[in-house]
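Undergrad: give me coordinates for this.
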Amino acid sequence: MGARIEDYAVLGDMGTAALVSRDGSVDWMCVPRFDSPACFAALLGEAEHGRWLLAPAATRVATRRRYRDNTLVLETDHETDEGTVTVIDTMPRGSAGRSVTFVRIVVGRRGRVPVRSQLRIRFGYGLLAPSLKRDAGDLLAISGPDALRLSTPVDIVARAGSADAEFDVSEGERIPFVLTWFPSHEPAPPHFDPEYMVSDCERWWREWATRCTYHGEWREAVIRSLLTLRALTYEPTGGLVAAPTTSLPEELGGGRNWDYRFCWLRDATLAAAAMRDAGYVEEAFDWREWLARTVAGDPARMQIVYGPAGERHLPEWEADWLPGYAGSSPIRIGNAAAGQFQLDVYGEIADAQHRLVLEQGFRPGQQEIIGQLLEFLESAWSKQDQGIWEMRSEPRHHTYSKVMAWVAFDRAVKLVECCELDGPIDRWRSVRDQIHAEICSKGYDAERNTFTQSYGARELDAALLRLPIVGFLPPDDPRIVGTVNAIRRDLSNADGLVLRYSSGGGENVDGVSGGEGALLACSFWLVDALTLIGRDVDARRLFERLLELRNDVGLLAEQYDSAHQRLVGNFPQALSHLALVNSALLLSGLPADR
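TA: So this is what the prediction gives:
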């Protein structure tokens, strides 16, 4: 099966990202950006689909690793019978997609250690082996539009798309490797000192981390999550991808495998709010500018998900030559959810715009966006949709979707009242009240004292835990308390973690066969709901349990499989990390205005 998902650490340059396993193998990297074809795809298959192993050649190795404090510089200590070496890994910030650099430095700590470097380059998601040639001491790998240059003082043996080396590292020695991607039709970028690139990268991330305004008891976990969110941001545009990977399974060996290397409006909006609440106002405004460019025009044509630069066309297809992580197939590239109608994203956007206007006022074009959004919602709010979980079954009147439509009108009314937004406030108030009344009538089960997943249904939905957060009803309203109790009772597994909805994800519910793990964001939402209804002890206990599920370098996937006690789903997951930040702030007594 290879490495577990929790055995990986993420590196990134805010243009793309790579996953490095505990044993020193880079098993996933796309170039030049998150949603491009991978040149290392062993994560979804075998080593021959592309990877870069740099580790001791010994059979007995004890490994410890860590990020340097508040950075994305990874250090992995390998202790063998012959001695100890440390591998330093990082990806210096890129050049807006014109090049991508991966730096690895092997440092001798004790004794004399035999080390091996095994580089298997495969472009096109593991399909294409490049041609190799020497160039002034470097090794060049070229395939179509892509070129990789390997620079190192070590002698490299190159053959058939592979480049291997064996060498010894003694105490005090530092052996660098620099792998650089660039367009094959352009000149190779200049060489830079690898030691300088590491120190400069460390400095930049550490300075960025100092801007965090949260100083509560979970500061370390919050900063690591914020660093992860920043690493998942495409710096040239401000778009934030949901995860840097595709098709890591929600069920080991199953078919719930999706491509998350895109910008979901919902996730990006919630992430911007988390960043803002932790002191990163500039990043929140970068998101607002990305949003303005991306949805400019007709809101009726707004998608729920876009490419990192705002691309709309995300066709879904399958890479059938890859066997998949742990034999989980199919491997999906692209995401058909781009064509779905999900009503809740309009509310998320309106809520975020409301907060930003309160802090900084209107920016050019922002009033027009809000007005167009509400004009569309006046007729669209009553329609059925696929819901927050992107169900591939028939649309329904999802209760949470309707709640977020209510949020959109509620925030628009407040902007008219406080900030001189130009709009038909009386009509918006009327629609807001109509939606509220309909939800309380059709989306609430009075017999069981809980809101339900959709109108007239008995199924529950963990998204309803957000109702008190968005202000639909006061936290002490009996209907809110009843919903929290019902979800905690009926959607929690033996670990106390929360499933997305009733029935375990059966095909009759969402149109997709197979099961899944507990969604970690939903468990953090339960922390928030418990906090708001006054159950602080239970909230803190669950939050501490969720922190224990992070891997050794503080990262979370999308879900957790309690039966196998391991992380599942795409990794690292923005929604999990932004939810962690929100829960930490709320437990620390900061305002719950997200």
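
Undergrad: please make it C-alpha for all contacts and neighbour counts, starting now.
TA: Will do.

Undergrad: buried residues, the lengthiest helix in the chain. List them.
TA: Counting residues, the longest helix in the chain under DSSP state H turns out to be helix 399-419. Using 16 or more other Cα atoms under 10 Å as the test for burial, helix 399-419 gives 399-413, 415.

Undergrad: which one of the residues you listed is nearest to residue 123?
TA: Nearest to residue 123 among those, counting by Cα to Cα, is residue 401 at 40.4 Å.

Undergrad: what's near enough to touch the nearest residue in space to the closest one that is not next to it in sequence?
TA: Nearest residue to residue 401 in three dimensions, chain neighbours excluded: residue 344, at 4.4 Å (Cα to Cα, 6 or more residues apart in numbering). Counting by Cα atoms under 8 Å, 6 or more residues apart in numbering, residue 344 touches 387, 388, 400, 401, 402, 403, 404, 405.

Undergrad: the last one contacts residue 378, doesn't it?
TA: No. At 9.3 Å, residue 405 and residue 378 do not qualify as touching, with contact defined as Cα atoms under 8 Å.

Undergrad: residue 488 versus residue 288, what's the distance?
TA: 35 Å (Cα to Cα, to the nearest Å).

Undergrad: and these two? Which one has more around it.
TA: Taking other Cα atoms under 10 Å, residue 288 and residue 488 do not tie; residue 288 has more neighbours (23 against 20).

Undergrad: so what does the residue nearest to the more buried one when sequence neighbours are not counted have for phi and psi?
TA: Using Cα to Cα, 6+ apart and skipping the chain neighbours, the partner closest in space to residue 288 is residue 353 (7.9 Å). Backbone torsions for residue 353, taken as degrees, to the nearest 10, come to phi -60, psi -40.

Undergrad: same deal with the one 5 residues further on?
TA: Phi and psi for residue 358, reported as degrees, to the nearest 10, are phi -60, psi -30.

Undergrad: just residue 189 next, same as before
TA: Taking degrees, to the nearest 10 as the convention, residue 189 sits at phi -70, psi 160.

Undergrad: can you pull the pLDDT of it?
TA: As predicted, residue 189 sits at a pLDDT of 93.

Undergrad: hmm, it is touching residue 183, no?
TA: No. Judged on Cα under 8 Å, residue 189 makes no contact with residue 183 at a distance of 9.8 Å.

Undergrad: of the two, give the one with the bigger neighbour count.
TA: residue 183 (20 against 14).

Undergrad: show me what the residue lying closest to the more buried one once chain neighbours are set aside is bridged to.
TA: Once flanking residues are discounted, residue 183 sits nearest to residue 146: 5.2 Å by Cα to Cα, 6+ apart. Counting by DSSP bridges, residue 146 is bridged to residue 143, residue 183.

Undergrad: in which helix or strand would I find residue 575?
TA: Using DSSP states H and E, residue 575 sits within helix 574-587.

Undergrad: what sits up against that helix?
TA: 214, 216, 218, 222, 225-226, 228-229, 232, 241-243, 267, 270-271, 274, 520-521, 524-525, 527-528, 531, 536, 539-540, 543, 555-558, 591-592, 594.

Undergrad: spit out the contact partners of residue 533.
TA: Contacts of residue 533 (Cα under 8 Å, 6+ apart): 475, 476, 481.

Undergrad: roughly how far apart are the residue lying closest to the second one once chain neighbours are set aside and residue 316?
TA: Sequence neighbours aside, residue 533 is the residue nearest to residue 476 in space, at 5.9 Å (criterion: Cα to Cα, 6+ apart). Taking Cα to Cα as the measure, residue 533 and residue 316 are separated by 42 Å.

Undergrad: for burial, what's the neighbour tally of the residue lying closest to residue 532 once chain neighbours are set aside?
TA: In space, and not counting its chain neighbours, residue 532 is closest to residue 475: 5.8 Å by Cα to Cα, 6+ apart. Using other Cα under 10 Å, residue 475 has 20 other residues around it.

Undergrad: with residue 190 instead?
TA: 5.

Undergrad: residue 35 contacts residue 261, doesn't it?
TA: Yes. Counting by Cα under 8 Å, residue 35 sits close enough to residue 261 to count as a contact (5.3 Å).

Undergrad: which of those two has more residues huddled nearby?
TA: residue 261 (26 against 23).

Undergrad: which secondary element of this protein has the worst mean pLDDT?
TA: helix 507-510 (a mean of 57; mean pLDDT, DSSP states H and E).

Undergrad: what's the domain layout of the chain?
TA: Split into domains by automatic domain parsing, the chain comes to 5-207, 211-587.

Undergrad: do a quick rundown of the helices in the stretch 101-250 of the chain.
TA: Under the criterion DSSP state H, counting those that start in this stretch, the stretch 101-250 of the chain contains helices at 123-126, 194-209, 219-231.

Undergrad: let me redo that: the stretch 301-450 of the chain
TA: 344-360, 366-380, 399-419, 425-442.

Undergrad: of all those, which one is nearest residue 284?
TA: helix 344-360 (8.2 Å).

Undergrad: the residue nearest to residue 226 when sequence neighbours are not counted: what's it in contact with?
TA: Nearest residue to residue 226 in three dimensions, chain neighbours excluded: residue 275, at 7.0 Å (Cα to Cα, 6+ apart). Contact analysis of residue 275 by Cα under 8 Å, 6+ apart lists 226, 281, 283, 284.
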